[in-house]
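# With the input below, show me the fold.
(chains A and B)
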Amino acid sequence: DGGITQSPKYLFRKEGQNVTLSCEQNLNHDAMYWYRQDPGQGLRLIYYSQIVNDFQKGDIAEGYSVSREKKESFPLTVTSAQKNPTAFYLCASSIGTTGYGYTFGSGTRLTVV
Amino acid sequence: QKEVEQDPGPLSVPEGAIVSLNCTYSNSAFQYFMWYRQYSRKGPELLMYTYSSGNKEDGRFTAQVDKSSKYISLFIRDSQPSDSATYLCAMSASGKLIFGQGTELSVKP
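Now for the predicted structure:
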């Protein structure tokens, strides 16, 4: 079955550590996205990539980094520069860029301890 | 001012009620309008998709878009406890999807 796999489901980070969230899709979608979800704030765009080896900052990119070396993979690194990283992180992919047909992963819950 | 505004609720209704969820937006460039449903600790799933103004119906769900008023709605008829979830409106322009804050809906048996 085609879909998006995010791992791990839960992640704990110590202060000052970098952590990487994995996102893999086998839908042959060109575009991939990372969103952050906080209570009462909906989904906010962190980074997106419409093609391999290219990506753009979203609305809240500070303290995050990404790479897109393969079409199937779009990992997100939460760096120590992100001052409030505790949140629910969602990865998505789409065939085109009209907004139609986004498929979301099941999310990673990141907690700072 | 946010580009997309949505009342976060929470909204609680009895089973069988008609539910109305709404979003307003400020960017006239938005062309595609969507409603997503998100169950707790899960990723959102696409519920309805509309392009331009008008109505679209799918079973118990009806989506309305009024571009002149920059206002979209989702109606749920004969609501069921299984409809309890967070509903997110979303709109796209320039290849990016912008979400509302989400409305938490609870349908009581």
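# make it CA atoms for all contacts and neighbour counts henceforth
Will do.
# What are the contacting residues of stretch B:88-102?
With contact meaning C-alpha atoms under 8 Å, 6 or more residues apart in numbering or on different chains, stretch B:88-102 is reached by A:40-45, A:96-99, B:3-8, B:23, B:29-38, B:86-87, B:103.
# Okay, buried residues for it please.
Across stretch B:88-102, burial judged by 16 or more other C-alpha atoms under 10 Å in any protein chain shown covers B:88-93, B:96-102.
# Between all of these, which two are separated the most?
Across these, no pair lies farther apart than B:93 and B:102, at 19.2 Å, counting by C-alpha to C-alpha.
# Can you tell me the centre-most residue of chain A?
Within chain A, one residue has its C-alpha closest to the average C-alpha position: by C-alpha atoms, centre = their mean, that is residue A:34, at 2.9 Å.
# How about the helix or strand hosting that one and chain B, any contact?
Following DSSP states H and E, one finds residue A:34 within strand A:31-37. No. With C-alpha under 8 Å from any C-alpha of the partner chain as the criterion, chain B is not reached by strand A:31-37; the gap is at least 9.1 Å.
# now that strand, how far from the chain's geometric center?
Strand A:31-37 sits 4 Å away from the centroid of its parent chain (C-alpha atoms, centre = their mean, to the nearest Å).
# do stretch B:2-17 as well
Worked out by C-alpha atoms, centre = their mean, stretch B:2-17 lies 9 Å from the chain centre.
# do it and chain A meet?
Yes. Contact between stretch B:2-17 and chain A, assessed by C-alpha under 8 Å from any C-alpha, occurs at residue B:8.
# got the CA positions of that stretch in CSV?
In CSV, the C-alpha atoms belonging to stretch B:2-17 read as follows (Å, rounded to 0.1, in the frame of the first residue of the first chain):
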residue,chain,number,x,y,z
LYS,B,2,-3.9,35.6,10.0
GLU,B,3,-4.5,34.7,6.4
VAL,B,4,-7.1,32.1,7.4
GLU,B,5,-9.3,32.4,10.5
GLN,B,6,-11.2,29.5,12.0
ASP,B,7,-13.1,29.4,15.3
PRO,B,8,-11.3,26.8,17.4
GLY,B,9,-14.4,25.8,19.4
PRO,B,10,-14.7,23.4,21.1
LEU,B,11,-18.1,22.6,19.6
SER,B,12,-20.4,20.0,21.3
VAL,B,13,-23.6,18.8,19.6
PRO,B,14,-26.1,16.0,20.2
GLU,B,15,-26.2,13.1,17.7
GLY,B,16,-28.3,13.9,14.7
ALA,B,17,-27.7,17.6,14.8
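# Nice, that's everything, thank you.
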